[in-house]
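A.B. asks: Show me the folded form of this:
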Amino acid sequence: MTNTVNVTSSPGRTRWRRIIPVAFLMYTIAYMDRINVGFGFDGMEKGLHISASTAGLAGGIFFFGYLFLQIPGGYIASKFSAKKFVFASLLVWGVFAVLTGLVQNKTELLVVRFLLGVAEGGVWPATLVLLSHWFPQDERARANMYWMFCLPAAAIIMAPLSGLIVQHLSWRYLFVLEGIPPFIWAIVWWIFIDDSPDTASFISPEERAYLQKKFQEDRAAAQDVSPSWKKAFTNPKVWLLVGIYFLVQVGFYGFALWLPTVIKNLTKTGFTETGLVTALPYLAALIVMWINANHSDKTGERKAHVALPLIFGGLALLGSTLTTQNILVSLIFLILTEAFMLPYIGVFWTLPPLLVTAEGLGPTMGLINGIGNLGGFFGPFIVGALITATHSTFAGLVTLTGVLIVAGLLVFSLPVHTPHVGKVTTKPVLH
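C.D. replies: Numbers count the residues shown, from 1 in each chain. Below you'll find the model as predicted:
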């Protein structure tokens with residue numbers, strides 16, 4: 001009697017239950033250690049005697065360090081091992097996260113934040129490569145979305161926790177205590193993660209055969225587009241993605257890192273209450289992220305599911321800045337800003353595989369994420385500089401509004417088209 005393997009439909013969900021949760025919690029920790037600086041701004045300004053613009057610089061300089069390992073991280077993950085690369089990164093970034101709470105002056109603060117960025121830099125592209133080894137193109141938006149739930153989840157956990165720590169201890173304890181989890185999670189990561197289905201013992205033969213078939217289809221669909229990573233770097237479509245992502249990060253991190261300050265100034269409350277309120281926009285974002293990514297996979301449409309959230313998020317931010325005399329209305333607009341702005345992200349990262357083949361995917365995603373994330377430097381710094389100059393958050397938030405809307409409009413110019421009905425096909429149509 002001959003045993004046959006069914007590869008016409010996904011025969012198992014083991015990889016969803018194993019890979020996604022571990023990657024989710026890993027990057028939840030990374031993102032907490034990145035954005036908790038927003039709750040430290042007030043204490044650092046007083047304790048280290050620095051201005052709001054310098055505090056914004058400390059928040060943003062992370063992203064200059066973040067650039068260094070973007071392309072190497074994606075390359076190492078593609079050619080060697082995403083598992084080993086992320087494991088080492090967890091240990092190193094934990095060290096610098098803790099050291100942030102021990103700095104004694106402006107120079108030490110900027111150096112440590114820069115090195116924290118270097119340590120975290122390659123983790124994002126390495127994890128995207130890992131997911132691309134486990135989830136075919138027609139599952140990718142959902143896989144990315146479930147993993148990227150870590151961004152709002154980290155803020156939901158971090159905001160009230162950080163508020164409590166700062167309120168009852170100090171800004172130094174904030175960084176020390178929240179810098180410990182990477183060391184613990186490195187052990188979990190090493191035990192539960194495998195680089196691909198080919199090396200994993202926990203999936204069934206049916207699931208492995210299904211994935212091999214689907215990945216073969218994906219490779220065939222992408223074979224006419226940027227056949228090498230070197231050619232991908234000269235692809236104007238890739239650089240358009242870089243530019244879009246840069247603008248998005250200007251808006252996103254300019255908003256996210258100063259959000260506790262905006263809420264504290266608006267509500268005139270303490271850090272504990274500010275932390276609780278700061279979590280609300282990210283709770284809303286979780287819901288809209290799920291709806292947006294699932295609808296994108298269901299319809300096969302990508303561009304509008306990236307562009308419209310950014311445009312609506314920018315308009316909601318403008319609404320918040322214009323209604324500060326009414327605290328409740330302004331807060332509702334702040335919640336809608338994050339609820340609309342963040343859901344672009346899971347769908348956005350389905351676009352690079354439509355432009356490059358597997359060989360160039362890791363370095364290309366590193367290029368997009370690395371240079372694009374320099375926007376994470378300019379956003380907080382611009383807002384901080386405008387606060388110092390105007391003694392108000394208004395000018396900074398209006399600037400972020402314009403940046404988000406422009407980014408959304410540029411997405412519509414991307415020469416990538418997928419069918420708008422049925423499910424996603426893996427073959428892109430390039431204009």
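A.B. asks: could you say which helix or strand contains the closest residue to D297 other than its chain neighbours?
C.D. replies: Ranked by Cβ to Cβ, 6 or more residues apart in numbering and with sequence neighbours excluded, the top spatial neighbour of D297 is A141, at 4.7 Å. For glycine as for every other residue, the C-beta is placed from the backbone atoms N, C-alpha and C. For A141, the host element (DSSP states H and E) is helix 137-148.
A.B. asks: Enumerate every residue touching the closest residue in space to L115 that isn't next to it in sequence.
C.D. replies: Closest residue to L115 in three dimensions, ignoring its sequence neighbours and counting by Cβ to Cβ, 6+ apart: F96, at 5.0 Å. Taking Cβ atoms under 8 Å, 6 or more residues apart in numbering as the contact definition, F96 lies against V112, L115, L116, A119, G179.
A.B. asks: distance of I332 from A307?
C.D. replies: 23 Å (Cβ to Cβ, to the nearest Å).
A.B. asks: cool, R13 as well?
C.D. replies: From R13 over to A307 the distance is 31 Å, taken as Cβ to Cβ.
A.B. asks: quick one, which of these two is more surrounded?
C.D. replies: Using other Cβ atoms under 10 Å as the criterion, R13 and A307 rank with A307 on top: 23 against 9.
A.B. asks: Could you measure from that one over to V22?
C.D. replies: The gap separating A307 from V22 is 32 Å, by Cβ to Cβ.
A.B. asks: now R140
C.D. replies: Taking Cβ to Cβ as the measure, R140 falls 18 Å from V22.
A.B. asks: For the two, indicate the residue with more neighbours.
C.D. replies: Between R140 and V22, counted using other Cβ under 10 Å, the more crowded position is R140 (24 against 16).
A.B. asks: The closest residue to that one other than its chain neighbours: what's it in contact with?
C.D. replies: Take R140 and drop its neighbours on the chain: the residue closest to it by Cβ to Cβ, 6+ apart is T350, 5.0 Å away. By Cβ under 8 Å, 6+ apart, the residues touching T350 are Q137, R140, A141, N144, S296, R302.
A.B. asks: Out of those residues, grab the one that's most surrounded.
C.D. replies: Counting by other Cβ under 10 Å, top hit in these: A141 with 26 neighbours.
A.B. asks: Break down the stretch 101-250 of the chain into its helices, ranges please.
C.D. replies: Secondary structure of the stretch 101-250 of the chain, counting by DSSP state H, counting those that start in this stretch: helices at 106-120, 123-134, 137-148, 150-168, 171-178, 181-192, 205-221, 229-232, 236-267.
A.B. asks: name the helices or strands packed onto the third one?
C.D. replies: With contacts taken as 3 or more Cβ pairs under 8 Å, 6 or more residues apart in numbering; DSSP states H and E, helix 137-148 sits against helix 14-35, helix 123-134, helix 205-221, helix 271-299, helix 344-348.
A.B. asks: Could you provide the ones you listed in CSV, with additional columns for mean pLDDT?
C.D. replies: As requested, those are exported to CSV (pLDDT from 0 to 100):
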stretch, mean pLDDT
helix 14-35, 87
helix 123-134, 87
helix 205-221, 80
helix 271-299, 85
helix 344-348, 84
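A.B. asks: So the residue nearest to D297 sits against K298, correct?
C.D. replies: No. Applying Cβ atoms under 8 Å, one finds A141 not in contact with K298, separated by 9.6 Å.
A.B. asks: before we move on, the earlier item: deepest in the core, which of the helices of the stretch 101-250 of the chain is it.
C.D. replies: Of all these, helix 123-134 has the most neighbours on average by mean count of other Cβ atoms under 10 Å, namely a mean of 26.
A.B. asks: what's next to that helix, contact-wise?
C.D. replies: 15, 19, 23, 26-27, 30, 70-71, 73-74, 76-78, 82-83, 85-86, 89, 93, 140, 143-144, 147, 193, 195-197, 211, 349, 353, 358, 361-362, 365-366, 369-370.
A.B. asks: between it and helix 150-168, what angle do the directions make?
C.D. replies: With axes from the mean of the first three to the mean of the last three Cα atoms, to 10 degrees as the basis, helix 123-134 and helix 150-168 are set at 140 degrees to each other.
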